[in-house]
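Enquirer: curious how this folds, go ahead:
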Amino acid sequence: MSIPIWKSETSVICPNWRHPPTVELLFKILGPKRSSFFLPISLIYLVIFVTGVSGNLLTCAVIGKHKKMRTPTNLYLFSLAVSDLLVLLFGMPLEIYEMWQNYPFPFGEGGCYFKTFLFETVCFASVLNVTALSVERYIAVVHPLKTKYVMTNTHARKVISMVWIIALICAIPNTSLHGIYYVYLPSFKKIEDSATCSLLKPRWIYNLVIQVTTVFFYFIPMTIISVLYLMISCRLNRERKFPVGKLGKNCSSKTSVLWWFFAICWAPFHIDRLLWSFITSWTDFMHAVFQYVHVLSGVFFYLSSAVNPIIYNLLSTRFRERFKELMCRKNNASTSHNSSPAFSRILKIHLIFPGRSSQVSLNQMGSVCNLPSSGLSTDVLWGLSLGFGWATQGQSEYCPEATPALSLLYASEEPSPQSEVP
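Expert: Okay, the predicted model is just below:
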């Protein structure tokens, strides 16, 4: 994500300057040593860094500490949080340093490989994690009968492992194309202060790699996610005979927010890469415009890592309660007893029994445990399309004897008079 150094292919060996000052020479070839965007972008990055690191650390801590939070959906969120932490903790400081001092690159060839490999890996892993999460939500809503076999922690761990293996393998090609670039004097003497982490291999190979990865890690995932959430919305809309009301609209609006946010945050990043790969003849004006595109893509790239915990986790009541427990350890017992959504609210549940057109309404979550287990679902559609809520597999954490998800179930929260605080 560092700003590419403005240089031509013929600038490896300097023209026939006899004894030009090194600083002036490097300025003519590599451009200014410090980016003009350094101060404003550093302030923006600082806010993103604090927000993103704290949010993702809290996410990992909540899922790691509470066993009941280790659901398949939350395992995908944990993997996504790890990816975001890697790019925020290691990638952002490197980019800020390069904006402060474009050259020389102080970390050597190994540092250059690490930087390129890190950005490629976390980029691919994030996209694949979101896509896998979307597939899981699609199965939960559209094919609930398959949740017993697909939506398990073991299956989620296998998928996450494959996601990271694919991301690591696909990051190798672009990494291998980069290295330390030096400017040479006419006497073939290397200028050590000109070291930059840049493209070394033929440009056409780089262009091909960028274009292929953009298709496979942006356009195809975006298409898949769009189609899946469209099918989820269609399934929810077909359930008009149930009093979905505001909940159905809420699920659809959250789905729309997720889709647009994902598209907006990652679009500038891939536009930046495509511009750099397609344009071969650069003018000063084109390069000046590209600098703004590159800076904007970097801001949205890191913003995605910072806001992910808010979109995926903070909209969940249970995550908010766990966050409060971590932030206020002294009040853990009272917080979990008084404000747990499963016990402080009356849950109005509409159950659908296979082969019947009738539905049963219950006013207590505990009543679910007293019903016959045949054809009973423990999935709760409260934000199910995005992974918010209390959907479980196999046995419900609140009703141990409940059966696996066999049908679609809709639930809405109503305030409990007993739990209201005056």
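
Enquirer: please make it C-alpha for all contacts and neighbour counts, starting now.
Expert: OK.

Enquirer: what residues are up against the nearest residue to residue 203 once chain neighbours are set aside?
Expert: The shortest distance from residue 203 to any non-neighbouring residue, by C-alpha to C-alpha, 6 or more residues apart in numbering, is to residue 277 (8.0 Å). The neighbours of residue 277, taking C-alpha atoms under 8 Å, 6 or more residues apart in numbering as the test, are 203, 206, 207, 210, 211.

Enquirer: next: residue 269.
Expert: The contact partners of residue 269, taken as C-alpha under 8 Å, 6+ apart, are 294, 297, 298, 300, 301.

Enquirer: how about the residues you listed in CSV, adding pLDDT, neighbour count and distance to residue 89?
Expert: Output for the contacts of residue 269, formatted as CSV (pLDDT from 0 to 100; neighbours: other C-alpha atoms under 10 Å; distance: C-alpha to C-alpha, whole Å):
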residue, pLDDT, neighbour count, distance to residue 89
294, 87, 21, 20
297, 90, 23, 18
298, 90, 23, 15
300, 92, 18, 16
301, 91, 21, 14
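
Enquirer: return the subset of these lying in helices.
Expert: If you go by DSSP state H, those have 294, 297, 298, 300, 301 in helices.

Enquirer: out of those residues, which comes closest to residue 124?
Expert: residue 301 (12.4 Å; C-alpha to C-alpha).

Enquirer: I figured that closest one hits residue 264, correct?
Expert: No - at 9.7 Å, residue 301 does not count as touching residue 264 under the criterion of C-alpha atoms under 8 Å.

Enquirer: hang on, the earlier thing: pick out the lowest-pLDDT one from the contacts of residue 277.
Expert: Ranked by pLDDT, the contacts of residue 277 bottom out at residue 203, which scores 89.

Enquirer: what's the burial count for it?
Expert: 13 (other C-alpha atoms under 10 Å).

Enquirer: what are the phi and psi values for it?
Expert: Residue 203 adopts backbone torsions of phi -60, psi -40, taken as degrees, to the nearest 10.

Enquirer: so which strand or helix has residue 119?
Expert: helix 108-142 (DSSP states H and E).

Enquirer: tell me which strands and helices that helix is in contact with?
Expert: Applying 3 or more C-alpha pairs under 8 Å, 6 or more residues apart in numbering; DSSP states H and E, one finds that helix 108-142 contacts helix 72-86, helix 153-176, strand 178-184, helix 220-238.

Enquirer: can you put those in CSV and add distance to residue 193?
Expert: Output for those, formatted as CSV (distance: least, C-alpha to C-alpha, whole Å):
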stretch, distance to residue 193
helix 72-86, 29
helix 153-176, 23
strand 178-184, 8
helix 220-238, 41
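
Enquirer: helices of the stretch 201-350 of the chain, start to end?
Expert: When secondary structure is read from DSSP state H, counting those that start in this stretch, the stretch 201-350 of the chain shows helices at 203-214, 220-238, 246-278, 284-309, 317-327, 332-338, 341-344.

Enquirer: what residues are up against residue 121?
Expert: Residue 121 neighbours (C-alpha under 8 Å, 6+ apart): 164, 167, 168, 170, 171.

Enquirer: and stretch 111-119, what's buried?
Expert: Buried residues in stretch 111-119, counted by 16 or more other C-alpha atoms under 10 Å: 111, 112, 113, 115, 116, 117, 118, 119.

Enquirer: the strand or helix carrying residue 46 packs against which elements?
Expert: According to DSSP H and E, residue 46 maps onto helix 38-65. Judged by 3+ C-alpha pairs under 8 Å, 6+ apart, the packing partners of helix 38-65 are helix 72-86, helix 92-100, helix 284-309, helix 317-327.

Enquirer: and among those, the most buried is which?
Expert: Among the helices and strands packed on helix 38-65, helix 72-86 has the highest mean neighbour count (mean count of other C-alpha atoms under 10 Å), at a mean of 23.

Enquirer: ok, and what's touching that one?
Expert: Helix 72-86 has contacts (C-alpha under 8 Å, 6+ apart) with 52-53, 56-57, 59-60, 63, 118, 122, 125-126, 129-130, 132-133, 136, 151-153, 155-157, 160, 305-306, 308-309, 312, 387.

Enquirer: how many other residues sit next to residue 175?
Expert: Neighbourhood size, residue 175 [other C-alpha under 10 Å]: 21.

Enquirer: same thing with residue 171?
Expert: 23.

Enquirer: distance of residue 216 from residue 202?
Expert: For residue 216, the distance to residue 202 (C-alpha to C-alpha, to the nearest Å) stands at 22 Å.

Enquirer: the more surrounded of these two?
Expert: Neighbour count, other C-alpha under 10 Å: between residue 216 and residue 202, residue 216 has more, with 13 against 9.

Enquirer: can you give me the pLDDT of residue 122?
Expert: 92.

Enquirer: next, count neighbours for it.
Expert: 23.

Enquirer: so it makes contact with residue 87?
Expert: Yes - the pair residue 122 / residue 87 is scored as a contact, 6.7 Å apart, by C-alpha under 8 Å.

Enquirer: ok, and what's touching stretch 37-46?
Expert: Here stretch 37-46 makes contact (C-alpha under 8 Å, 6+ apart) with 92, 96, 99, 100, 295, 299, 302.

Enquirer: return the set of buried residues in it.
Expert: Residues of stretch 37-46 classed as buried by neighbour count (16+ other C-alpha under 10 Å): 41, 42, 45.

Enquirer: just give me the closest of the residues you listed to residue 281.
Expert: Nearest to residue 281, judged by C-alpha to C-alpha, of those is residue 41 at 28.0 Å.

Enquirer: so how far is residue 292 from that closest one?
Expert: Separation of residue 41 from residue 292 (C-alpha to C-alpha) stands at 11 Å.
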